[in-house]
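Student: Next one to model:
(2 chains)
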2 protein chains.
Amino acid sequence: MARPGDYDAIAAVADDWWGRPILASLPRLFLDHFHRTSYIVDGDGGPEAFLIGILSPSQPGHAYIHFVGVAPHARKLGYGRALYEEFFRLARADGRTFVSAITGPVNLRSASFHQAMGFTVTGPVAGFNGPGHDMLVFGR
Amino acid sequence: MARPGDYDAIAAVADDWWGRPILASLPRLFLDHFHRTSYIVDGDGGPEAFLIGILSPSQPGHAYIHFVGVAPHARKLGYGRALYEEFFRLARADGRTFVSAITGPVNLRSASFHQAMGFTVTGPVAGFNGPGHDMLVFGR
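Tutor: Numbering: from 1, shown residues only, chains lettered A, B, ... in the order given. As a prediction, the model looks like this:
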């Protein structure tokens, strides 16, 4: 389980890990209010991987993965899969039967990862996050 | 109570209402997963006001207001205050004793509004939403 204070370490590396500016999509509120359904893997030099998850308060059967990130030097080690499986266990234990996630259409690595994890890919969905913000939508 | 489908109408006007690009802070997930704790006031030509609220799943006594917006033509009519009071009732009924919100340091109208609503203002807090993203923090 993550803690609210993990936010600063994550925010410091997020743009680098994604290779583009994504910090606007990752405000502190996600750690403040969802740390109990989020995970962080700490390494010697800071975080190596993290997952921000939400058990939807308004859609009882649904869970949502907002972000998963793995440090460039720690990729291909299985952190992404391990964090998803940990979150799936948590979601199942809370009676959640559907897990969704999204990504930008440019993020082909993310699309492949979600397909390998058993997600169905929909889209790009035009204007999913407002005019001009098309997104790929994953459901499992 | 808002519905998930209200997202598109809100996303279409948000940047105009704020007078700056804020859509990146308002992805669809907030309506999908928090519509039961959010409100929208519909007018003849679309939404006139909305509030996106969260009863924090990880901090039991806390509630968080992510966004409140009022159409430029509908300001000074009391929508902002009415939506906050509606959310305060909901939060109290769920045992929440602390409500927080944030805004960018440039948003002086928001700071005055929150002070008038009984919030304490802290900051600008340097790097609140990551490096370079200072924010004013409100608590009540």
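Student: Next, A:Pro21: phi, psi?
Tutor: Main-chain torsions, A:Pro21, degrees, to the nearest 10: phi -70, psi 110.
Student: how about the nearest residue to it, chain neighbours excluded?
Tutor: A:Asp15 (5.3 Å; CB to CB, 6 or more residues apart in numbering or on different chains). For the C-beta atoms, the positions are set from N, CA and C on the backbone; glycine is no exception.
Student: Same check on A:Asn107?
Tutor: Excluding its sequence neighbours, the residue lying closest to A:Asn107 (CB to CB, 6+ apart) is A:Leu136, at 7.5 Å.
Student: Walk me through which strands the helix or strand where the one you found lies pairs with, and which way each runs.
Tutor: A:Leu136 belongs to strand A:135-139 when assigned by DSSP states H and E. Strand A:135-139 has the following sheet partners, assigned by DSSP bridges: strand A:98-103 (antiparallel), strand A:120-125 (antiparallel).
Student: now the strands for chain A?
Tutor: Using DSSP state E, the strands of chain A run over A:39-43, A:46-55, A:62-70, A:98-103, A:120-125, A:135-139.
Student: circling back: residues of the strand holding A:Leu136 that come out buried?
Tutor: Buried residues in strand A:135-139, counting neighbours by 16 or more other CB atoms under 10 Å in any protein chain shown, are found at A:Met135, A:Leu136, A:Val137, A:Phe138.
Student: Check what contacts it and list those residues.
Tutor: With contact meaning CB atoms under 8 Å, 6 or more residues apart in numbering or on different chains, strand A:135-139 is reached by A:98-105, A:107, A:110-111, A:114, A:119-125, A:128-129.
Student: Which of the residues you listed are buried? Put it as a ChimeraX command.
Tutor: Burial among those is assessed by 16+ other CB under 10 Å; the matching ChimeraX selection reads:
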select /A:99,100,101,102,103,104,107,110,111,114,119,124,128,129
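Student: sorry, back to before: among the strands of chain A, which is nearest A:Tyr79?
Tutor: The closest of these to A:Tyr79 is strand A:46-55. By CB to CB, the value is 3.8 Å.
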